[in-house]
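Chemist: From the sequence below, what's the structure:
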Amino acid sequence: MVELTSLWLPILLSSVFVFFASSILHMVLPFHRADYDQLDGEDAILDALRDQDAGAGNYLLPHCVTPEQRKSKEIQAKLERGPMVFMTVIPQVAMGKNLIQWFVQSLVLGTLVAYLAAHTLAAGAEYLEVFRIVGTAALLAYAGSEASNSIWMGRKWGTTARHIFDGAVFAALTAGTFGWLWP
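Modeler: You can find the predicted model right below:
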C-alpha cells in the first residue's frame, strides 16, 4: 500500500494537465463546436424567457412532478403535441468561477483515483500496471456517466461521443502522470 500523501504531486500535476487539455479541446480546437444547435427565432425565445422571469435553474416542459400528473389529459395532450424540453437557464457564464470549479473537480477526482490506486498498487509498481489501474478509474470518473445524457436527456450521441473522447484524454493524462511519478 502507498501513502495517499505521497501522491500529492501526481494528483496536482494530472489536474493541471487535464485543465490545459480541456482548454485546448474546448477553446482552441473546433472539436466541440457542433455540440449545440441554434434555434430559429432565438431572439423571440430569449425575450419570452425574460418575460417569464425564468431564473437560473433546470426546467422540464411540459412540467409534471408525479405519475398522476403525467397521466392527466392536459399533460398527455402537450406530450402528444410535442416537443419535450430539458432546459438549463444560467444568468451568464462566469468563466473564471467555472474554470476554478473545473480545476477543483479535477483535483477531487485525482484524489479519489489516487486513493483507489494507493490501496490497489504497491510502491514500486511498474508504469503499465499503474497506468492500467489509474487509467480505468480516471476514465470512469471523467466519462463514465456521459451516455446517460443521451439516453435520458436527448443529447446528440455525437456530443456524448466527443465528451467520452475528452474523458479518455483526461484519463490517459492522469494515468500517464501517475505512472511517471508513482513512488
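
Chemist: how near is the residue lying farthest from the centre of the chain to residue 31?
Modeler: Farthest-out residue of the chain from its mean C-alpha position, per Cα atoms, centre = their mean: residue 73, at 36.6 Å. Using Cβ to Cβ, to the nearest Å, residue 73 is found at 45 Å from residue 31. Where you see a C-beta, it was placed from the backbone N, CA and C, and this is true even at glycine.

Chemist: Over to residue 41?
Modeler: Residue 41 is 28 Å from residue 31, by Cβ to Cβ.

Chemist: so who does residue 45 touch?
Modeler: Contacts for residue 45 (Cβ atoms under 8 Å, 6 or more residues apart in numbering) come out as residue 39.

Chemist: Distance-wise, check it relative to residue 9.
Modeler: 48 Å.

Chemist: ranges for the strands of this protein?
Modeler: Per DSSP state E, the chain carries strands over the ranges 57-61, 85-89.

Chemist: Figure out the length between the terminal residues of stretch 22-33.
Modeler: 14 Å (Cα to Cα, to the nearest Å).

Chemist: in that stretch, what counts as buried?
Modeler: 22, 25 (16 or more other Cβ atoms under 10 Å).

Chemist: quick check: mean pLDDT across it?
Modeler: Taken as a whole, stretch 22-33 carries a mean pLDDT of 93.

Chemist: Which residues are in contact with the residue nearest to residue 85 when sequence neighbours are not counted?
Modeler: What sits nearest to residue 85 in space, not counting adjacent residues and going by Cβ to Cβ, 6 or more residues apart in numbering, is residue 61, at 4.1 Å. Residue 61 makes contact with 84, 85, 87 under the criterion Cβ under 8 Å, 6+ apart.

Chemist: now the residues you listed in CSV, with pLDDT?
Modeler: Formatted as CSV, these follow (pLDDT from 0 to 100):
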residue, pLDDT
84, 90
85, 89
87, 87
